[in-house]
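1. Next comes the sequence, and after it the predicted model I'd like to discuss.
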Amino acid sequence: MMYNNPVEKAMTCRATIASILRACIVGSRLSCVALAFVLLLASAPSDAQPAVRQVLLLQSFGRGNVAVDQFTSNFRVDLDQRAEGPVNVVQVVVGPTGSVSAPEQAVVDYIRSTFADRPKPDLIVTVAGPAAVFARKYRQQLFPDTPTLFASVDQKYLGDVPLGDNETAVAVVNDYARVIEDILQLLPQTKQVFMVMGSGQVGQFWRRELENEFRRFHDRLTFVWFEDLSVRETLLRSASLPDDSAILYIIFGTDGTGAAFADERLFAELHAAANAPLFAGQSVYLGAGIVGGSLLSIDDLSRDTADVAVRLLNGESPASVRVPPHVTGQPIFDWRELQRWGIAESRLPAGSVVRYRAPSLWQEYRYTMLGAMGALAIQALLIIGLLYQRRARRRAELESRRSLALAADVSRRQTMSALTNAIAHELGQPLSSMIHNAHALQMMITADRATPEAIGEILSDIRSEGSRAAQIIDRHRTMLRTRQLNKKPIDLHAVIAESLALVAHDMRARQIEAIVNLSSNPCIISGDQVLLGQVLVNLIMNAMDAMAETPSARHRLTIRTEVRAADVEVTVRDTGTGLPADINGKLFAPFVTTKANGLGIGLTIARTIVDAHGGTIDARNNPEGGATFIVTLRRSDTPRILSGQQGAA
């Protein structure tokens, strides 16, 4: 069996003991008396358990009033935390609910019967105005000697009647006029305020009070009362209000049809339907849809009420416990509603607090952003490092190209120096011919045998040999000139012919047979004729040097071209000693050479020039001896144009 408190348990145990004693009449009286004595000791309250104090809590409303419900819940929790011993709270609703309510005398009789078989209350606490009026009206019938605490009651309900010696109050001042002032400060264009309140006794009370209190606003505002409408009509009206409107929610409870409604559900529907901002006077509505303002704190009210209740339970006289009424506190506003209705925060009263502000990107994703920023910082450092390396690499490449350009000049000059005898021989023939022709002409003139036909023939030979000498000089001067890459469509076969012409005298001196096998297809590429000529001269000179120890009968240099669909392949083949195995893979590296007096930059320059033309250069040993160098270059898209130009020339 379960008991509400230790007193009920003790009374039940005493009744059980009496039954046992009556049953023992027919038995041994001594044994029964001993058993009853033992049971009485067992059922007696222990000195270690404090007495349970009784609190009668008179409610003005049943569940559904948001402010009263929160106050009651907080008060009971605060009372349990502050009280020194167990407290038993008996809660009774005494205010009217809906259009049908029990007679007040019947409620009084019910309360008295509730305490008929238990100790009377140690404290009576009323919640809100109707319960306070009820307790005062029936005070003599409801335990007149019990201290009474009027809690969460507006001073208007207490009226001008002073508190009795056995009464005290934790009252409030619902300053709805201050709410109207907040509305006008936030929304100065407001012309109408729609008052939402129920049609019951509480709604009627507040309409009388507020009509008188709001008289000072009548020159600026029109107040429209909704107490005679049903819930559906209230929602419909709220959805079609004029633009210059605001809604002040007082209380609802009962609509115009007498039906009862819970505040929480009605307020949520009103907030969803209304086309005007909502205001209220209690803090419980903040976050549920009101804009905010100077609100009455229900949490502070419940704590102060619990403190006073504990003092009364501890024996203090109600007359000595007097606390000032609670008033509105610091203005508090809902950031979401300010945004919804376009209310600038600059209009808020000084010292206002804004809650429910949407967290900033930094607040909501702080650690994610820190991680992203760290990753971006690392990435930025890597990019900067890569850019620095790229810049350094490009600088190094430029320096390398400058060095290679200088080396190329040196290589060309060295090559031309090696071909000095060839230059002298090539120039010697036309110059000698010119001298002989001039001498012959002079002799003919002296002998008076110079006919016009003979003179013309000799002069024609001199002019032809002079042109030939000029071409030889121009060809070598071009090879010696420092230049940058200048691509244009050229005939690779012509480059080969010029390169062979440059080394022709040296080839004859070394008794080297040149075998040239050129493709019958046009061999047109986009490139620099002089630089490609340098590559071919270098390869030919290397091939000639490689055959220095080869018997003269086997001195053969073969140049071959193959024209394919996308590229052209030029091979330079010799019958020399071949490439040493120890330089395999390093043949085109700088300063790698197989010659005793070589610089080791000729093939490096050749590879650089070929790379600049988008081609490749490679080398391999021949199975029968000697080596072959292969140069591959992309074909030009303009072979016909160049061929046409050459034909026209």
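-> Arrived safely, thanks for sending.
2. shaky segments in this structure?
-> 1-49, 97-101, 256, 363, 400-429, 468, 471-485, 584-585, 590-601, 637-649 (pLDDT under 70).
3. Just want the most central residue of it.
-> Geometric centre of the chain, nearest residue: Met369, 6.5 Å, by CA atoms, centre = their mean.
4. In contact with that residue, which residues?
-> By CB atoms under 8 Å, 6 or more residues apart in numbering, Met369 lies in contact with Leu361, Trp362. To be clear about C-beta, it is placed using only N, CA and C from the backbone, and glycine gets the same treatment.
5. quick one: it is in a strand?
-> No. Using DSSP: H, G, I helix; E, B strand; the rest coil, the secondary structure at Met369 is helix, not a strand.
6. That one and Leu236, how far apart?
-> Remark: distance between Met369 and Leu236 (CB to CB, to the nearest Å) = 47 Å.
7. repeat for Met197
-> When CB to CB is the yardstick, Met197 and Leu236 sit 17 Å from each other.
8. ditto for Arg391
-> Between Arg391 and Leu236 the computed distance is 73 Å (CB to CB).
9. From Trp362, how far off is the residue nearest to the centre of the chain?
-> 6 Å.
10. just the strands in the stretch 51-200 of the chain please.
-> 53-59, 87-93, 123-127, 148-154, 167-172, 192-197 (DSSP state E, counting those that start in this stretch).
11. whoops, I mixed them up, the stretch 401-550 of the chain
-> 488-491, 513-517, 524-527.
12. mind checking how far the first one is from the chain centre?
-> Read that as strand 488-491. In terms of CA atoms, centre = their mean, to the nearest Å, the centre of strand 488-491 is found 56 Å from the chain centre.
13. now swap in the longest one and tell me
-> With CA atoms, centre = their mean as the basis, strand 513-517 stands 72 Å off its chain's centre.
14. Contacts for that strand, please.
-> Ile496, Leu500, Met507, His555, Arg556, Leu557, Thr558, Ile559, Arg560, Thr561.
15. Pull the CA coordinates from that strand and hand them back as PDB.
-> What follows is the C-alpha trace of strand 513-517 in PDB, where atoms were taken according to Å, rounded to 0.1, in the frame of the first residue of the first chain:
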ATOM      1  CA  GLU A 513      82.200  10.100 -99.100                       C
ATOM      2  CA  ALA A 514      78.800  11.800 -98.500                       C
ATOM      3  CA  ILE A 515      75.800   9.700 -99.400                       C
ATOM      4  CA  VAL A 516      72.600  11.800 -99.400                       C
ATOM      5  CA  ASN A 517      69.300  10.000 -99.700                       C
END
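16. who's in contact with the closest residue to Lys191 other than its chain neighbours?
-> With CB to CB, 6 or more residues apart in numbering as the measure, Asp244 is the residue that lies nearest to Lys191, at 4.2 Å, once sequence neighbours are left out. Contact analysis of Asp244 by CB under 8 Å, 6+ apart lists Gln189, Thr190, Lys191, Gln192.
17. Backbone dihedrals for Asp244, both of them.
-> phi -100, psi 40 (degrees, to the nearest 10).
18. do you know how far it is from Leu295?
-> Computed as CB to CB, the Asp244 to Leu295 distance reads 24 Å.
19. For Glu345, give its distance to Ala440.
-> For Glu345, the distance to Ala440 equals 114 Å [CB to CB].
20. and if you look at Val77?
-> In terms of CB to CB, Val77 sits 138 Å off from Ala440.
21. thinking again about what came up before, more neighbours: Met197 and Leu236, which one.
-> Shown here are Met197 and Leu236; by other CB atoms under 10 Å, Met197 has more neighbours (22 against 12).
22. wait, doesn't the more buried one sit right on Glu209?
-> No. Counting by CB atoms under 8 Å, Met197 sits too far from Glu209 to count as a contact (11.0 Å).
23. follow-up on the earlier one: which one of the contacts of Asp244 sits closest to Arg178?
-> Arg178 has its nearest neighbour among the contacts of Asp244 in Thr190, at 15.2 Å by CB to CB.
24. May I ask which helix or strand encompasses the closest residue to that closest one other than its chain neighbours?
-> The spatially closest residue to Thr190, leaving aside those adjacent along the chain, is Ala246, at 5.1 Å (CB to CB, 6+ apart). Under the assignment given by DSSP states H and E, the secondary-structure element containing Ala246 is strand 245-251.
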